[in-house]
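Visitor: Fold the following and give me the result.
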Amino acid sequence: MTFFIGAVLFIQTLEIENGSGIMFGIGDQPVTISRQFNYAPNDIALAFTNVAIGRYGEDSLRGAKLRFWSRRSIFYLTIKTGFNQEDKGIFGGVHIENLKLHASFIVCPQDEDGFCPEIRCLVQPKYRQEAENFLDAVKEYLTEHSIYKGKAIKINCDFVDVSGINESGFIYSQEISQQLKANIWTIIEQPERCAQVKIKRQRKILLAGTYGAGKTFTALLTAKKAIDNGWTFIYLPPTDKWDEDSFLYALELARKYQPAVVFVEDIDHEQRFDSDYVFKKILSDVDGLVSKNDEILMVMTTNRPDKIDGALLRPGRIDRIIKLGKLTKRDIERMITLTIDKNFLDENIKWDELAKICLSLNYPPAFVMEIAKDALLLMISENREKVTTEMLVQSAESLKGQVKSCNKPLGFSEE
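Guide: Sure, this is the predicted structure:
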């Protein structure tokens, strides 16, 4: 899977003579410079473009020379730089002609393995120092202005919108809240304390639960906590068999932009039982995180924990399994009272009656919150001042079919 959509056709048709695109005069002996950058190609392309324009002016950028006086057009690729934000970056060949520098560059060339995270330069010796200084400036720009480091991104280079996310947006049970805080959020929010007790900023957590248990909201809340604390958040949605390398690529990105959280939805999809090589490679990469000092926190989710292979569940591959969605009577009461303002809730609610319905089918948190919202709408529609036990029970009863539809196919109804 490639992280860069749109540049492929251009790079594939780009042919630069002798690998440079420069045509020097007789007797010139240009030198070649190649710089590797531990960043994604989009990041490198944007950094190159912004530094070049800022340092030499846009008029100094020209297409790579071909024969005689002809030149190729500069290829600018639109690059997303934030949620609903974008800029342009140069991919491929470009020539810089300025009083300070005459040189040709290839930005993120393509080989058989994809886009190379490097910039190649061909320059006359008298301009070499300036070319080196320019590439140093690109590296400094990447360090200070990376598009992706410390941001929440998807595997396809889109950005995750967490602007409206806060902890009150979803109500966890007290036990689940404690487990999420201890095993995920504490590592992100309190690195100094973790270092004091020699806890590495590296952990692998599996979140198991039916629909509505809070897995997706946990992803968004974790993303917000990550960027608030300087972590990169990488979200990998469920993929199909044509994207077998997505999991491995997410880990590759995480290593470039660590400390990082890799959030993998439906890890059972990634096992690829029809591809033994890919599955073994996934397990090998997960094991590799344990043997290294990478600052990578991996959070995986599944609707079907019974489908996760036993080899993936052994210690070292998954450190902790957190089962979301299991509620107690106290949790149900807490969720209702936090969702419905006390001014609109009858003082004599029969919590046992409501809990009996919810617990009989293991209503996930999202459904309990929906009971509260539906009851409020019943109150308004009947021109009442308070939500009563009858309204809550009616709402709970009306959701039974929907809860069964979510739980039964996944095997959660008996838990």
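Visitor: can you pull out the strands in the stretch 151-300 of the chain?
Guide: Using DSSP state E, counting those that start in this stretch, the strands of the stretch 151-300 of the chain run over 152-154, 203-208, 232-236, 260-264, 296-302.
Visitor: so what's T301 up against?
Guide: By C-beta atoms under 8 Å, 6 or more residues apart in numbering, the contact list for T301 reads L206, L207, A208, G209, K215, A219, F263, V264, E265, D266, I267. (C-beta placed from N, C-alpha, C; glycine too.)
Visitor: what pairs with V31 across the strands?
Guide: Judged by DSSP bridges, the bridge partners of V31 are V123.
Visitor: in the helix or strand encompassing A137, what counts as buried?
Guide: Using DSSP states H and E, A137 sits in helix 128-145. Residues of helix 128-145 classed as buried by neighbour count (16 or more other C-beta atoms under 10 Å): R128, E130, A131, F134, L135, A137, V138, K139, Y141, L142.
Visitor: ok, now stretch 88-103?
Guide: G89, I90, F91, G92, G93, V94, H95, I96, N98, L101, H102, A103.
Visitor: Taking these together, which two end up most distant?
Guide: G89 and H102 (22.1 Å; C-beta to C-beta).
Visitor: Spell out for me which residue occupies the centre of this protein.
Guide: Closest residue to the average C-alpha location of the chain: I234 at 1.9 Å, with C-alpha atoms, centre = their mean.
Visitor: where's I53 relative to A64, distance?
Guide: 17 Å (C-beta to C-beta, to the nearest Å).
Visitor: The two - which one has more neighbours?
Guide: Counted by other C-beta atoms under 10 Å, I53 and A64 do not tie: A64 has more neighbours, with 25 against 14.
Visitor: ok, that one touching V107?
Guide: No: between A64 and V107 there is no contact under C-beta atoms under 8 Å: 10.8 Å.
Visitor: Overlap of the contact sets of those two?
Guide: Shared contacts of A64 and V107, defined by C-beta under 8 Å, 6+ apart, comprise G92, G93, V94.
Visitor: between the residues you listed, which is nearest A182?
Guide: Among the shared contacts of A64 and V107, and counting by C-beta to C-beta, the member closest to A182 is G92, at 48.4 Å.
Visitor: For the stretch 51-200 of the chain, just list every one of the helices.
Guide: Using DSSP state H, counting those that start in this stretch, the helices of the stretch 51-200 of the chain run over 128-145, 174-180, 186-189, 191-196.
Visitor: rewinding a little: dump the helix holding A137 to CSV, restricted to CA.
Guide: Extracted as CSV, the C-alpha positions of helix 128-145 are listed here (Å, rounded to 0.1, in the frame of the first residue of the first chain):
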residue,chain,number,x,y,z
ARG,A,128,28.3,22.1,-3.6
GLN,A,129,28.5,23.7,-0.2
GLU,A,130,25.3,25.7,-0.8
ALA,A,131,23.6,22.5,-1.9
GLU,A,132,24.7,20.8,1.3
ASN,A,133,23.4,23.8,3.3
PHE,A,134,20.1,23.6,1.5
LEU,A,135,19.7,19.9,2.3
ASP,A,136,20.6,20.7,5.9
ALA,A,137,17.8,23.3,5.9
VAL,A,138,15.3,20.7,4.6
LYS,A,139,16.2,18.4,7.4
GLU,A,140,15.8,21.1,10.0
TYR,A,141,12.4,22.1,8.5
LEU,A,142,11.3,18.5,8.8
THR,A,143,12.3,18.4,12.4
GLU,A,144,10.4,21.5,13.3
HIS,A,145,7.5,21.4,10.8
